[in-house]
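Enquirer: Sequence first, then the predicted structure:
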Amino acid sequence: MGSKHTIAGVSADTPLRDAVPRILRAKAEPLFALGARAGAGLDADAVHDMRVASRRLREVMRLFEDASGTRSFKVWYRRVRRVTRALGPVRDADVFIDALSGLLPSLDAEEGRAVAFLIGHRFGLREWASARLRDDLERAGLDGRRTSFERMAASAGAGDGSVPMRERAYASIAERMATVSEAQAAALDPAAIEAQHALRIAYKRLRYAVETFAPCYADAFGPVHATLTAFQDTLGELHDAHLFAESVRVSAGTTEWRAAGVTAEDLERVARRFDAMAEERFEAFRVLAGAHPDGVLREALLTPLMVTTDV
C-alpha cells in the first residue's frame, strides 16, 4: 500500500473511535494547506487538488456520519460541501480550456478560429469566477476554524466505539459495490448518458471509500485501486466529452461568435470532435467493463476485508 494512503495509528483492527478522528484529520489537511494558494484562482493545480481533497473528505464524512451524529459534524459537512462548490466554476473552466487547447494541433483554420473564440470566451468566465473565489471560500468558512475542526474530529467515531475498521469497511464497500453493479448494466447502453454519469459518481464514491479503508487491504490495495481509478477516469472523460460538446452547441446558439469571424458550422464541427471523443471513451469503458466483470471485481474488493491479519 502506498504511503499516500497510509495513516499513522490506523490498521484493519483499529477501533473506529480511534481510527475515525485520525482519518478525518489526515483527509482535511490538504484543505487547510491549499486554501491560500487556491483562493486566488491563479494556481490551477491548487484549485484542482483542493477540490479533490474536499470531495475525499466529504466521502469520509458520509462513511462515518452515523458513528458521530453530532451537530458540529453536520455543520462541517455542509462547510466542506461549500468549498467544493466554490472551487467548481474555476476548475470546470480550466478543464474545458485544456480540452479545447488539446484540439488545436489537429484543426484547420476555420475550426482553429472557432476554438480560439471558445477559449477566449471561457477564459473570460474563468476570470470572473476567480474574482469571486476568495470571497466564496471565505463564506465557506475554513479560515480560522482549524481548532473547531479538531474538536469535531476528536469526538467522531464514538457512536460505533469498539467496532474495528475491517468490519465497517466490509459493510461500506459492499454497499457501494452494489450501487455500481446496479448502475453499470444501464450505463453500457451508448445512448444512456445520464446512466453513465450516475455510474461515474458511483465509481468515484467506491474509490474514495477504498482509499479510506486502505489499511484493511494491505498488498491488495494497489490492484483494486488501479482498477477503480481506471473506471472513474474513463467515465469522467466520457462525461466531460458530452459536456464539452453541449457547451459548444450552446455557444452556437448565441451571437458573440459572429464578431470573431466564426460560423455556426465551424462550431458544430468542433462539437462533433467532442462527440467522437465521447465515442472513443465509451468504447474504452466497455472494454474495461469486459475486463473486470462484476463478480470478479466484487470478489477483489471484499475478499481482503474478510481475511484476519496479525497486527
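Expert: Structure's in. What do you need?

Enquirer: mind listing the helices for the stretch 101-250 of the chain?
Expert: Applying DSSP state H, counting those that start in this stretch to the stretch 101-250 of the chain gives helices spanning 109-140, 146-155, 165-187, 193-212, 221-252.

Enquirer: Tabulate those helices in JSON lines, adding columns for mean neighbour count and mean pLDDT.
Expert: C-beta here means a position set from N, CA and C on the backbone, and glycine is covered the same way. What follows is the helices of the stretch 101-250 of the chain, written out as JSON lines (neighbours: other CB atoms under 10 Å; pLDDT from 0 to 100):
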{"stretch": "helix 109-140", "mean neighbour count": "17", "mean pLDDT": "91"}
{"stretch": "helix 146-155", "mean neighbour count": "15", "mean pLDDT": "90"}
{"stretch": "helix 165-187", "mean neighbour count": "18", "mean pLDDT": "95"}
{"stretch": "helix 193-212", "mean neighbour count": "21", "mean pLDDT": "97"}
{"stretch": "helix 221-252", "mean neighbour count": "19", "mean pLDDT": "96"}
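
Enquirer: between these, which gets nearest to residue 22?
Expert: Residue 22 sits nearest to helix 146-155 of all those, at 8.4 Å, using CB to CB.

Enquirer: CA-only coordinates of that closest one in CSV, if you can.
Expert: Only the C-alpha atoms of helix 146-155 are listed here, as CSV (Å, rounded to 0.1, in the frame of the first residue of the first chain):
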residue,chain,number,x,y,z
ARG,A,146,-8.9,24.6,12.4
THR,A,147,-9.5,24.3,16.2
SER,A,148,-13.2,23.8,15.6
PHE,A,149,-12.5,21.0,13.1
GLU,A,150,-10.1,19.3,15.5
ARG,A,151,-12.7,19.3,18.2
MET,A,152,-15.3,17.8,15.9
ALA,A,153,-12.9,15.2,14.7
ALA,A,154,-11.9,14.2,18.2
SER,A,155,-15.5,13.2,19.0
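
Enquirer: check contacts around residue 209.
Expert: Residues in contact with residue 209, defined by CB atoms under 8 Å, 6 or more residues apart in numbering, are 59, 63, 172-173, 176.

Enquirer: Look at the closest residue in space to residue 238 that isn't next to it in sequence and say how many residues are nearby.
Expert: Among residues not flanking residue 238 along the chain, residue 281 sits closest, at 3.9 Å (CB to CB, 6 or more residues apart in numbering). Residues lying near residue 281 (other CB atoms under 10 Å) number 21.
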